[in-house]
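**Q** Kindly return the folded structure for what I paste below:
(chains A and B)
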Amino acid sequence: MEIKKKLLMPSKETRQDRLGKGISYLSIGFIILLVTLILYFIISKGLSTFTTNNINILDFLTKQDWSPSSIGKDGKPEVGALPMIVTSFGVTIFSALLATPFAIAIGIYMSVIAPKRGRKFLQIIIEMLVGIPSVVYGFLGLTIIVPIVRNIFGGTGFGILSATLVLFVMVLPTITSLTVDSLNAVPKYLSDASLALGATRWQTIYKVILRSATPGILTAIIFGMARAFGEALAVQMVIGNATLMPKSLLTPSSTLTSQLTTGIGNTVMGTLGNNALWSLALVLLLMSLVFNIIVKMIGKRGNLK
Amino acid sequence: MLNLKKFIAIISVFIISGALLTACGSSSSKTKITVVGSTALQPLVEETANEYQEGNNNVSITVQGGGSGTGLSQLQSKAVTIGNSDVFAENQNGIDAKKMIDHKVAVVGMAPVLNKSIGVKNLSMSQLRAIFTGEIQNWKQVGGKNQKIEVINRVKGSGTRATFEDNVLKGKSAIKSQEQDSNGTVKRIVASTPGAISYLAFSFIDKTLQPVSIDNIQPNDKNVEDNSWKIWSYEHMYTNKDINKETKKFLEYVQSKNVQNSLVKKLGYISIHNMKVTKDDKNKIIE
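**A** Sure thing, here's the model as predicted:
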């Protein structure tokens, strides 16, 4: 009887297994619920500008006057988000363009050229750069980069150029560490074969290693861009926050995030001023979704080879 | 390997201690007062709350910033006890002021501030208006050096900006320009940007900036008290109508002579008891 009972009862290991599974499922369910709620909240709030306040969605995306909490010259509130959208894309693309060559150079050095000590040293620096809070970057930008830009290029120093320079430092570690990963993932037999065929080291790096790591590097760049697009505090401190169409890299302008963070405390839930800010948040959300999809697509194409 | 029993033991300790802690919190029957809103008023409320709690163990007061709009809308949805605001609730979009009680706890004076290199110390009200509406764009036109004017505004909806525009712009709209959302940042930017003009609460003005007299009247507390300096506003602490006894006592404490003469002055606000005039929500002066 004893033995039969023992054999029919679930063993200790089975119970552990069940408990572990249960905890995992519970946590996953919670996270899924959370994400759904966030999506629902932002989408419903963001759309209410167009559904309850009857703002034309095309006006929102193409007009240039932004003053949703007060009434404009034509008797309607001004809800044109184009300057913010353009500025957000501007700083994102410029900072990625600026950071990528540096990231690839550091990546090649770290994965192919550097001796062990140099690699470790750079690793520490990159991890340090990641750990610095963005308000510190913003403050450094405000006190160092803005005056330098003003003295060299003129203007007030606030604008897309300063924001690009601050974001350059912020996205560099992101792009670099992912680039290093993808360079390290290149199978050693590829470079060995290349060297054995008589290619120089530079030819091997340029024609073999970089080629086969390209999808990974592209992913790294997109991740960096996503970070730049979503950064609020540091950009807010150096961009100037003027809701004007940027005429050059040196005029004050405003990104989606900086407009959101400066405006949200001064508006009341449910009013147009508040809803319009949620619409900006919705644009941000959709864009980060696009960035994620691009990353997935690049990943798939990379796997086919 | 961490065995299962240990794991469960740790988890249960956490849960039990959590339950005990919350039980303790509620059993001691402290009245909770949550104050949210205006960052301009936050330092005063924080310090007063600390002082008040020393003598009154039966209340616990939490003070948070977040902006006047947040304060009022949180109060309206009954999420907080007190909503701090730099503007009259009547003037805040989407707020039903009739359901609230206004407790004025301090007065704040504001002055235009310039970058020191400009060399202008006095402006007329109409010159100031022309600068902020963009009609005057060079300091040469008002007696300064040949330098482009850089207007630095506060963000739309901020109490400081509303006060400034009510008193200076008289219904005209400001030129589109840089906007900053904190006093500290404005101060730093004006101090370092050639040709910059903005406005700040008196308590933020120091020797790195050049405050401007308007029509030869100096921006100081005395001139605010008799309204010869026009740019000032109340700091409000709003409550709902069904206010409890402890909250009422705290608000009375903030308005008491004791606090008004010590903390209010120390932190750069002006006491409500010293005001010789009152202002209503339409910016009308009552002598």
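
**Q** what about A:P10, how many neighbours?
**A** Neighbour count for A:P10, taken as other C-beta atoms under 10 Å in any protein chain shown: 10. Where C-beta positions appear, they are placed from N, C-alpha and C, glycine not excepted.

**Q** and the gap between it and A:P147?
**A** 70 Å (C-beta to C-beta, to the nearest Å).

**Q** which stretches of the stretch 201-305 of chain A aren't confidently modelled?
**A** Confidence mapping of the stretch 201-305 of chain A against pLDDT under 70 gives the ranges A:302-305.

**Q** which residues does whichever residue of it sits closest to chain B contact?
**A** As assessed by C-beta to the nearest C-beta, chain B sits closest to A:G265 within the stretch 201-305 of chain A, at 2.4 Å. A:G265 makes contact with B:39, B:65-70, B:181, according to C-beta atoms under 8 Å, 6 or more residues apart in numbering or on different chains.

**Q** Can you tell me which of those residues is closest to chain A?
**A** B:G67 (2.4 Å).

**Q** Tell me how far that closest one lies from B:N84.
**A** Taking C-beta to C-beta, one finds B:G67 at 9 Å from B:N84.

**Q** which residues do the two both contact?
**A** B:37-38.

**Q** A:G75: neighbour count?
**A** 6.

**Q** check which helix or strand covers it.
**A** Per DSSP states H and E: A:G75 is located in neither a helix nor a strand.

**Q** Let me know how buried B:D226 is, in neighbour terms.
**A** B:D226 has 12 nearby residues by other C-beta under 10 Å.

**Q** pLDDT score assigned to the closest residue to it other than its chain neighbours?
**A** Closest residue to B:D226 apart from its sequence neighbours, by C-beta to C-beta, 6 or more residues apart in numbering or on different chains: B:K276 at 4.9 Å. In this model, B:K276 is scored at 91, pLDDT.

**Q** which SS class is B:K276?
**A** With DSSP: H, G, I helix; E, B strand; the rest coil as the basis, B:K276 sits in coil.

**Q** hmm, stretch A:80-100 touching chain B?
**A** No - contact between stretch A:80-100 and chain B is absent, the nearest approach being 9.7 Å (criterion: C-beta under 8 Å from any C-beta of the partner chain).

**Q** Pull the distance from that stretch to the chain's centre.
**A** Remark: stretch A:80-100 is offset 12 Å from the chain centroid, using C-alpha atoms, centre = their mean, to the nearest Å.

**Q** for that stretch, which positions count as buried?
**A** Within stretch A:80-100, the residues scored as buried using 16 or more other C-beta atoms under 10 Å in any protein chain shown are A:80-92, A:94-96, A:98-100.

**Q** residues from chain B in reach of chain A?
**A** Residues of chain B lying near chain A (C-beta under 8 Å from any C-beta): B:4, B:39, B:65-70, B:72-73, B:76-77, B:92-95, B:150, B:155-158, B:176-181, B:185, B:188-189, B:192-193, B:196.

**Q** mind listing which of those are in strands?
**A** Residues of the residues of chain B next to chain A located in strands (DSSP state E): B:65-66, B:150, B:178-180, B:196.

**Q** now these in CSV, with neighbour count and pLDDT?
**A** Supplementary listing: these in CSV, determined by neighbours: other C-beta atoms under 10 Å in any protein chain shown; pLDDT from 0 to 100:
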residue, neighbour count, pLDDT
B:G65, 19, 87
B:G66, 20, 85
B:E150, 22, 93
B:Q178, 25, 90
B:E179, 26, 90
B:Q180, 24, 88
B:A196, 23, 94
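
**Q** so where's the stretch 1-150 of chain B uncertain?
**A** B:1-28.

**Q** rerun at 80
**A** Where the stretch 1-150 of chain B drops to pLDDT under 80, the residues are B:1-29.
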